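Chemist: Test case, fold it:
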Amino acid sequence: MAEVVSSQDIDGPHGDPEEVRRLLDQLSAILRRVEGVAISSYEELDGGALLPLADATRGALTAAVEAVGNVLHYYDAIADQRASQLNILTEGPKSGELCGEVERVMDEDFGMTRIQNVAFIARMGLRARLVALDAMGPSPGKWEIIGAASSALREVMKALGALAVVVCDHESLPEPTTFYVTELERSLIIRRAYRIFYSDVAPWREPQGSEIQARLRRAANAIAKLVGRPIYPSLRVHDRFALRTTQRKLQGWLSDTSLDAKARETAGIRLFQNLAHLAELMLAVNERAELRQHDARVITEQIATLESDCADISAALRALRAVEGRDLRLDTLLSGDEPPTRAALLARLRELGRNLAPRPPSTPAPRPSPGDLSESDDFL
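Modeler: Okay, here's the model as predicted:
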């Protein structure tokens, strides 16, 4: 007779329901606290008005480290092996790598080991963020504070959201209100927001004469819409800095009545050109590794589908919505009044497939640190 192996033998013992609920409530309270930090509002402030953001971030990190530690200690106590033994050779995640490490553990481990490893890595990463926050100079710059707070709070959301998911999964509890978003999901949302912004700005057509006012007002509204999106705090701090600086210049141009008509038109055209350049630069989000891998997979699948004798073009167009924003010419085919021919769609997909072939890693161009960003810079 075959031996029956229970899920508890595979996943490890389960916790006391009341204690598990207490731990989950603690995680949830911190997640909602972080969700309530309106980082974008601080981008309009200066000096001492930014101190509450630093204090809120420090408080959230301290609470998160404690909550993650509580989960770690609880499951270490009922496990066969402590997380520190499981991870004896593990170094703390380097700056900016916590989210990737959490995703790796989520994909590779299961059961109680997954809880222990997520908690162990998260505690190390969040402690490092707290040390980095405390190590900022006595008078940090505006964007240094905003950049540090944004990164730290995003990692709190990622780590605690992941921990709540794995605890509920192990304990066979209903999936929690999820704060856990993969880097691919986040990048897809950002790309969609950038693509909408690009369409609103319409950088491919420079305004002429009397339409400059309307086009720049529309651009100002496009920035306001982007800043108001829930995904906005997840944008790179350099992109947010560029958007805010441009927004300030747009507001100045729209309210300035001191220039004569010719000077105003010249200044408006120059401002639009800078804005168009920014909109084009933001499409570089497509170079993120997770988006390249995702798009290559989707495009390869649809090429194979369209090459078959019974190809369903309508189904392929629906599937290709997942890569919207990757290529402007493909977007035109997807959104046209008439569906494209199979030949036209295949030709475009094959070219994109070649462009998305794996390539050697490259060294990104150096960017100024958030502490070096100054809204007086004419950075565009």
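
Chemist: Could you use CA atoms for every contact and neighbour count after this?
Modeler: Fine.

Chemist: number of nearby residues for residue 54?
Modeler: 16 (other C-alpha atoms under 10 Å).

Chemist: and the helix or strand harbouring it, what does it pack onto?
Modeler: Applying DSSP states H and E as the criterion places residue 54 in helix 51-78. Packing contacts for helix 51-78, counted by 3 or more C-alpha pairs under 8 Å, 6 or more residues apart in numbering; DSSP states H and E, involve helix 17-35, helix 111-134, helix 142-170.

Chemist: Run the chain-centre distance for stretch 50-63.
Modeler: Mean-position distance between stretch 50-63 and its chain equals 21 Å (C-alpha atoms, centre = their mean, to the nearest Å).

Chemist: As a markdown table, the helices and strands packed on helix 51-78 with distance to residue 349 would be great.
Modeler: Below are the helices and strands packed on helix 51-78 laid out as a markdown table (distance: least, C-alpha to C-alpha, whole Å):
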| stretch | distance to residue 349 |
| --- | --- |
| helix 17-35 | 39 |
| helix 111-134 | 39 |
| helix 142-170 | 34 |
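
Chemist: out of those, nearest to residue 216?
Modeler: helix 142-170 (25.6 Å; C-alpha to C-alpha).

Chemist: what helices or strands is the closest one leaning on?
Modeler: When contacts are defined as 3+ C-alpha pairs under 8 Å, 6+ apart, helix 142-170 sits against helix 17-35, helix 39-42, helix 51-78, helix 98-108, helix 111-134, helix 237-255.

Chemist: closest one to residue 336 among the helices and strands packed on helix 51-78?
Modeler: With C-alpha to C-alpha as the measure, helix 142-170 is the member of the helices and strands packed on helix 51-78 nearest residue 336 (37.4 Å).

Chemist: starting at the chain centroid, how far to that closest one?
Modeler: Using C-alpha atoms, centre = their mean, the offset of helix 142-170 from its chain centre is 11 Å.

Chemist: which parts of it are buried?
Modeler: For helix 142-170, the neighbour count (16 or more other C-alpha atoms under 10 Å) marks 142-153, 155-170 as buried.

Chemist: coming back round to it: compare the helices and strands packed on helix 142-170 and say which comes out lowest on pLDDT.
Modeler: With a mean of 80, helix 98-108 has the lowest mean pLDDT of the helices and strands packed on helix 142-170.

Chemist: Next, the buried residues of that one.
Modeler: 98-99, 101-103, 105-106.

Chemist: got it, and stretch 126-144?
Modeler: Neighbour counts over stretch 126-144 (16+ other C-alpha under 10 Å) mark 126-130, 133, 141-144 as buried.

Chemist: would you turn these into JSON lines with distance to residue 290?
Modeler: Listed next are the buried residues of stretch 126-144 as JSON lines, based on distance: C-alpha to C-alpha, whole Å:
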{"residue": "126", "distance to residue 290": "23"}
{"residue": "127", "distance to residue 290": "27"}
{"residue": "128", "distance to residue 290": "25"}
{"residue": "129", "distance to residue 290": "24"}
{"residue": "130", "distance to residue 290": "28"}
{"residue": "133", "distance to residue 290": "28"}
{"residue": "141", "distance to residue 290": "31"}
{"residue": "142", "distance to residue 290": "30"}
{"residue": "143", "distance to residue 290": "27"}
{"residue": "144", "distance to residue 290": "27"}
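
Chemist: and of these, the nearest to residue 338?
Modeler: residue 143 (46.6 Å).

Chemist: so how far is residue 44 from that closest one?
Modeler: 11 Å (C-alpha to C-alpha, to the nearest Å).

Chemist: Kindly report the same for residue 114.
Modeler: With distances taken as C-alpha to C-alpha, residue 114 is found 41 Å from residue 44.

Chemist: Of the two, which one has the most company?
Modeler: Shown here are residue 114 and residue 44; by other C-alpha under 10 Å, residue 114 has more neighbours (22 against 12).
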